[in-house]
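Visitor: Sequence and computational prediction follow.
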Amino acid sequence: MRRRFGFSAGVLTSFEDEHLDRGEELGTASRILTAEIERPRVGPMRDIVATIQPEQDELVRADLADSICVQGAPGTGKTAVGLHRAAYLLYLHRERLRRSGVLIVGPNRAFLSYIAAVLPALGEVEVEQTTVEDLVARVPVRAVDAPAVAALKHDIRMAEVLRRAVEAHIGTPTEPIMVSDGSFRWRIGLDPLHRLVTETRAEGLPYATGRERVRARVVGLLQRQAEARRAESPSDAWLRRMSRIKPVTELLDAVWPALTPDGLLHRLRTDADALAAAADGLLTAGEQELFRTGTVGRTAKATRWSVADTVLIDEIAGLLERPAGFGHVVVDEAQDLSPMQCRAIARRSEHGSITLLGDLAQGTAPWAATDWRESLAHLGKPDATVVPLSIGFRVPAAVVAFANRLLPALAVDVPPARSLRHDGALDLRTVEDLTAATVAEVRAALAYDGSVGVIAADDTVDRLRAALADAGVETATADDVEAAARVTVVPATLVKGLEYDHVVVVEPAAIVAAEPRGLHRLYVVLTRAVSRLAVLHREPLPTPLAG
């Protein structure tokens with residue numbers, strides 16, 4: 001049993017008992033739960049202690065060693081489950097996770113701003129929160145790839161291309177080395193050099209670690225000769241001098257040269273032969289040419305890199321040296337991670353666990369996942385448990401039913417959402433002047449409590465903000481969750497994960513037409529409302545929504 005207490009202004013107002021082994025039947029939620037989920041949303045995301053259900057509680061309390069994937073329909077609380085699991089694990093394994101760390105990965109900075117207050121409210125502040133773009137940002141981003149180029153760079157085949165490109169730099173010794181040491185001369189023959197390079201390569205170490213291993217083994221062979229002749233062990237200073245002496249460094253540069261991540265990618269972008277060798281049997285000639293398109297500087301530092309390039313640079317960096325890992329990683333909106341982005345996260349959770357959160361129906365990236373098992377394989381957690389959440393507490397039933405009309409057109413196998421809420425309102429309206437109708441709808445929404453979100457195609461946002469400002473309505477941007485303004489105007493591409501009491505969707509047809517997976521984007525947009533949804537359109541509604 002669990003006893004749930006209701007409070008108002010610090011005063012106990014009620015209590016109810018709940019059977020945890022049964023949970024609450026759909027449509028028969030408690031008065032306390034109902035009051036909480038219908039409470040207006042203003043400002044950043046709140047914790048879910050008041051609304052957590054038995055199936056959510058099981059996920060929150062999963063063992064630290066367990067990796068889980070939550071397939072959550074809109075409004076089912078998957079984000080809050082992930083954050084509460086992080087807080088619970090930090091409470092239960094504080095010293096261990098203080099050393100290894102907990103990482104939260106979100107889809108954009110607006111989303112991170114929105115959720116930033118949840119963990120501190122639960123008493124946890126030692127958690128790193130970032131986007132996947134910031135996680136791999138080793139070079140500044142100053143270029144934008146064409147969609148086809150970006151899709152190629154995010155393709156899983158690039159992992160093998162880059163691995164081959166790195167390994168191609170490992171060579172074979174061609175002559176013995178001779179080292180002068182005062183009045184002594186130390187010689188290492190070709191056979192021992194061959195043997196130590198071959199053995200080091202077989203160990204499968206990160207490239208930079210392998211280079212230093214070769215250096216150490218060469219110095220070790222010199223040390224044994226010196227000890228045999230001098231009958232004493234050389235000093236640490238001698239060992240350091242031998243590791244930097246010219247014959248040793250020349251050998252290293254010949255058989256295991258130093259590499260930099262951006263330098264290697266720059267070479268692949270500028271050297272067609274090097275790319276062809278690494279991509280043989282993996283990329284077609286046309287794809288290799290596509291990969292090399294775009295302006296490349298004379299050097300790596302002079303090159304304007306794209307977001308997709310940073311993912312490849314991070315992949316190369318992981319081949320050179322292992323990055324620091326985290327004890328637990330929570331990834332939200334994970335359906336939009338590309339295979340290469342999954343690998344970037346996998347490198348940072350190799351010895352830890354993950355909580356993967358997402359909804360395949362909300363996948364809007366060109367490489368969006370269609371099967372969680374594929375994503376989990378790229379993340380290095382192929383045996384993780386996939387748990388569906390389909391009962392929603394945030395989006396009203398009328399809004400959920402309307403958005404669910406899109407599901408058959410989205411080509412994903414997910415259970416349709418069901419809602420515990422029957423208090424919401426849905427208003428579909430054909431208008432002649434979208435801007436004027438938006439201003440009027442926002443004015444009407446301000447008569448109610450709570451936040452107002454105006455969501456439109458990206459290229460119309462500035463116009464709508466200007467019109468609202470001219471009408472005397474103060475607005476905020478999506479990443480300004482602490483703003484005093486109750487009205488936020490949000491581009492459709494940035495609204496994922498956010499929520500507003502009253503949502504005004506402007507011209508769904510334009511949102512759909514703006515990108516290849518526009519219907520998926522519209523599904524996201526329509527499910528941001530937690531009380532009322534108004535859809536204003538001049539063009540006909542997309543076919544799946546009609547009727």
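Guide: Thanks, I have it. Just so it is clear, the model here is predicted, and its values are computed rather than measured.

Visitor: Count the neighbours of Leu406 for me.
Guide: Other residues near Leu406 come to 19 when the count uses other CB atoms under 10 Å. Backbone N, C-alpha and C define where each C-beta goes, glycine included.

Visitor: nope, His422 is what I was after
Guide: Neighbour tally, His422, other CB under 10 Å: 11.

Visitor: ok, now Leu122?
Guide: 17.

Visitor: could you say which helix or strand contains the closest residue to it other than its chain neighbours?
Guide: Among residues not flanking Leu122 along the chain, Ala87 sits closest, at 4.2 Å (CB to CB, 6 or more residues apart in numbering). If you go by DSSP states H and E, Ala87 is part of helix 78-92.

Visitor: Figure out how far that helix is from the centre of its chain.
Guide: Distance, stretch centre to chain centre, for helix 78-92: 17 Å (CA atoms, centre = their mean, to the nearest Å).

Visitor: ok, now stretch 73-90?
Guide: Put simply, stretch 73-90 sits 16 Å off its chain's centre (CA atoms, centre = their mean).

Visitor: what about it, average pLDDT?
Guide: Across stretch 73-90, the average pLDDT comes to 89.

Visitor: Need the CA coordinates for that stretch. PDB is fine.
Guide: Taking only C-alpha atoms (Å, rounded to 0.1, in the frame of the first residue of the first chain), the coordinates of stretch 73-90 have been written out as PDB:
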ATOM      1  CA  ALA A  73       3.900   7.800 -25.700                       C
ATOM      2  CA  PRO A  74       3.400  11.600 -25.300                       C
ATOM      3  CA  GLY A  75       2.600  12.500 -21.700                       C
ATOM      4  CA  THR A  76       3.500   9.200 -20.100                       C
ATOM      5  CA  GLY A  77       6.200  10.700 -17.900                       C
ATOM      6  CA  LYS A  78       9.200   9.000 -19.500                       C
ATOM      7  CA  THR A  79      11.400  12.100 -19.100                       C
ATOM      8  CA  ALA A  80      10.500  12.400 -15.400                       C
ATOM      9  CA  VAL A  81      11.000   8.700 -14.900                       C
ATOM     10  CA  GLY A  82      14.600   9.000 -16.300                       C
ATOM     11  CA  LEU A  83      15.400  12.000 -14.100                       C
ATOM     12  CA  HIS A  84      13.900  10.400 -11.000                       C
ATOM     13  CA  ARG A  85      15.900   7.200 -11.800                       C
ATOM     14  CA  ALA A  86      19.100   9.300 -11.900                       C
ATOM     15  CA  ALA A  87      18.200  10.900  -8.500                       C
ATOM     16  CA  TYR A  88      17.400   7.500  -7.000                       C
ATOM     17  CA  LEU A  89      20.700   5.900  -8.200                       C
ATOM     18  CA  LEU A  90      22.600   8.900  -6.900                       C
END
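
Visitor: which parts of it are buried?
Guide: For stretch 73-90, the neighbour count (16 or more other CB atoms under 10 Å) marks 73-90 as buried.

Visitor: residues touching the nearest residue to Leu319 once chain neighbours are set aside, list them.
Guide: Spatially, and ignoring its direct neighbours in sequence, Leu319 is nearest to Val166 (4.8 Å; CB to CB, 6+ apart). Contacts for Val166 were tallied using CB atoms under 8 Å, 6 or more residues apart in numbering; they are Tyr207, Leu259, Leu264, Ile316, Leu319, Leu320.

Visitor: which among those residues end up buried?
Guide: Buried subset of the contacts of Val166 (neighbour count, 16+ other CB under 10 Å): Tyr207, Leu259, Leu264, Ile316, Leu319, Leu320.

Visitor: so which strand or helix has the third one?
Guide: The one in question is Leu264. helix 261-270.

Visitor: Other residues contacting that helix?
Guide: 138-139, 161-162, 165-166, 274-275, 278, 291-292, 294, 296-297, 299-301, 303, 305, 309, 312-314, 316-317, 320.

Visitor: cutoff 6 Å now
Guide: Residues from elsewhere that reach helix 261-270, judged by CB atoms under 6 Å, 6 or more residues apart in numbering: Val139, Ala165, Ala274, Leu275, Arg292, Val296, Ala300, Thr303, Leu312, Ile313, Ile316, Ala317.

Visitor: Pull the number of nearby residues for the third one.
Guide: Applying the criterion other CB under 10 Å, we find 16 residues in the vicinity of Ala274.

Visitor: Report the secondary structure element holding it.
Guide: Assigned by DSSP H and E, Ala274 falls within helix 272-279.

Visitor: Give me the next element, helix or strand, following that helix.
Guide: The helix or strand immediately downstream of helix 272-279 is helix 285-291, counting by DSSP H and E.

Visitor: Distance of Ser100 relative to Leu356?
Guide: Ser100 sits at a distance of 18 Å from Leu356 (criterion: CB to CB, to the nearest Å).

Visitor: Grab the nearest non-local neighbour of Thr209.
Guide: Glu321 (6.8 Å).
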